[in-house]
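Trainee: structure of the sequence below:
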Amino acid sequence: MAQTTGITITGASGRMGQMLVREVAARADTRLCGAVERSGHDWIGRDLGEAMGGTPNGVIVTDDADAAIADANAVIDFTAPQATLAFARAAAKAGVVHVIGTTGMSAEEIAQLAEPAKGAVIVRAGNMSLGVNLLTLLTRKVAAALDEDFDIEIIESHHNQKVDAPSGTALMLGEAAAEGRGVNLADVSDSGRDGITGARKRGDIGFSAIRGGDIVGEHDVMFAGAGERIVLRHIAFDRSLFARGALKAAVWGQGRAPGEYDMLDVLGLND
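Mentor: Residues are numbered from 1 along each chain as shown. Just a heads-up that it's a prediction; the model follows:
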């Protein structure tokens with residue numbers, strides 16, 4: 001029998017956490033070995049399967065991240081920036097793969113991942129789906145092919161409970177566009193427009209965020225020139241595609257050298 005990859009899931013009670021639990025159970029090459037929640041959560045000490053409204057699965061929810069991660073081969077983390085940094089340190093201490101789908105991380109917080117990445121594989125992406133990562137690659141290539149006569153606007157739509165904007169995926173696409181043009185995104189980013197803003201600055205990369213209903217995730221990258229537009233689009237209809245991507249990353253990371261990777265590495269799409 002082939003060896004399975006033991007997975008610990010942080011934020012296990014959340015929408016992505018519960019989706020990951022179900023996807024782990026659906027695969028033959030992964031097994032659930034730990035579930036972490038914040039201290040004081042009412043799932044602490046309960047069987048995870050029962051807490052999710054199903055049958056017992058033998059995994060007890062804990063707030064002891066170090067213990068839960070130490071027993072795993074990989075930890076999958078869709079939580080919050082400060083929690084993610086703590087989990088990164090725990091994963092490095094245990095030498096296990098850390099898959100990060102957390103969004104809203106600042107440049108300073110992302111930079112803090114460099115130290116734990118010396119001791120463990122970190123796979124971080126603003127979006128774990130195959131389609132979005134292909135979109136990222138295409139965005140970089142189209143941006144490289146078109147000059148500043150084409151304005152770049154990234155339009156993203158998400159459900160009304162999302163707390164960060166622009167989305168992690170939108171920022172990932174913005175970084176790809178900036179890389180294609182050979183510029184720093186921080187120098188050309190244009191977001192949060194309101195009131196009399198003046199004309200758009202040539203070469204800026206714009207962001208527009210829509211929040212409403214139960215939209216899983218929609219991203220358009222628009223290249224708008226005189227008399228023509230090119231629009232690259234990805235629509236996510238089911239959150240499970242993010243879970244499947246994260247699990248693919250967790251399995252892929254086994255046996256890799258410590259360091260920081262992204263989903264293009266996992267998919268073999270990096271140049």
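
Trainee: got the confidence number for the closest residue to Gly14 other than its chain neighbours?
Mentor: Spatially, and ignoring its direct neighbours in sequence, Gly14 is nearest to Phe78 (7.0 Å; C-beta to C-beta, 6 or more residues apart in numbering). All C-beta atoms are positioned from the backbone trio N, CA, C, and that covers glycine. Here the pLDDT value assigned to Phe78 is 96.

Trainee: these two touch, right, Phe78 and Met16?
Mentor: Yes: with contact defined as C-beta atoms under 8 Å, Phe78 reaches Met16; the gap is 4.1 Å.

Trainee: now the residue nearest to Gly14: phi and psi?
Mentor: Dihedral pair for Phe78: phi -120, psi 70, per degrees, to the nearest 10.

Trainee: how about it, what does it touch?
Mentor: By C-beta atoms under 8 Å, 6 or more residues apart in numbering, the residues touching Phe78 are Thr10, Gly11, Gly14, Met16, Gly17, Leu20, Gly101, Thr102, Phe242, Ala246.

Trainee: ok, the fourth one touching Arg244?
Mentor: Going back to what we said before, that points to Met16. No: look at Met16 against Arg244 with C-beta under 8 Å: they stay out of range, at 11.8 Å.

Trainee: compare those two (neighbour count), which wins?
Mentor: Higher neighbour count among Met16 and Arg244: Met16, with 23 against 18, using other C-beta atoms under 10 Å.

Trainee: enumerate the positions of the helix or strand where the more buried one lies that are buried.
Mentor: Per DSSP states H and E, Met16 falls inside helix 15-26. Neighbour-count burial for helix 15-26, counted by 16 or more other C-beta atoms under 10 Å, picks out Met16, Gly17, Gln18, Met19, Leu20, Val21, Glu23, Val24.

Trainee: what's the spacing between the following helix or strand past it and its chain's center?
Mentor: The helix or strand immediately downstream of helix 15-26 is strand 30-36, counting by DSSP H and E. In terms of C-alpha atoms, centre = their mean, to the nearest Å, the centre of strand 30-36 is set 19 Å apart from its chain centre.

Trainee: in strand 30-36, which residues are buried?
Mentor: So for strand 30-36, counting by 16+ other C-beta under 10 Å, buried means Thr30, Arg31, Leu32, Cys33, Gly34, Ala35, Val36.

Trainee: tell me what it is packed against?
Mentor: strand 5-10, helix 15-26, strand 61-62, helix 65-70, helix 240-252 (3 or more C-beta pairs under 8 Å, 6 or more residues apart in numbering; DSSP states H and E).

Trainee: in which helix or strand would I find Ile44?
Mentor: Using DSSP H and E, no helix or strand contains Ile44.

Trainee: wait, which of the helices and strands packed on strand 30-36 is closest to Tyr261?
Mentor: Tyr261 lies closest to helix 240-252 among the helices and strands packed on strand 30-36, at 8.0 Å (C-beta to C-beta).

Trainee: show me what contacts Gly119?
Mentor: Applying C-beta under 8 Å, 6+ apart to Gly119 gives the contacts Ala92, Lys93, Gly95, Pro258.

Trainee: any residues touching the host helix or strand of the first one, and which ones?
Mentor: Just to be clear, that refers to Ala92. Assigned by DSSP H and E, Ala92 belongs to helix 81-94. Residues outside helix 81-94 that contact it (C-beta under 8 Å, 6+ apart) are 10-11, 36, 38, 65-66, 69-70, 72, 75, 77, 79, 97-98, 100, 102, 104-106, 109, 112-113, 115-120, 122.

Trainee: again, 7 Å this time
Mentor: By C-beta atoms under 7 Å, 6 or more residues apart in numbering, the residues outside helix 81-94 that reach it are 10, 65-66, 69-70, 75, 77, 98, 100, 102, 104-105, 109, 112-113, 116, 119-120, 122.

Trainee: buried residues, that helix. List them.
Mentor: By 16+ other C-beta under 10 Å, the buried positions in helix 81-94 come out as Pro81, Ala83, Thr84, Leu85, Phe87, Ala88, Arg89, Ala90, Ala91, Ala92, Ala94.

Trainee: switch those over to a markdown table; also include distance to Gly126 and pLDDT.
Mentor: Output for these, formatted as a markdown table (distance: C-beta to C-beta, whole Å; pLDDT from 0 to 100):
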| residue | distance to Gly126 | pLDDT |
| --- | --- | --- |
| Pro81 | 13 | 96 |
| Ala83 | 17 | 97 |
| Thr84 | 13 | 98 |
| Leu85 | 17 | 98 |
| Phe87 | 17 | 98 |
| Ala88 | 16 | 98 |
| Arg89 | 22 | 97 |
| Ala90 | 22 | 97 |
| Ala91 | 19 | 98 |
| Ala92 | 22 | 97 |
| Ala94 | 25 | 97 |
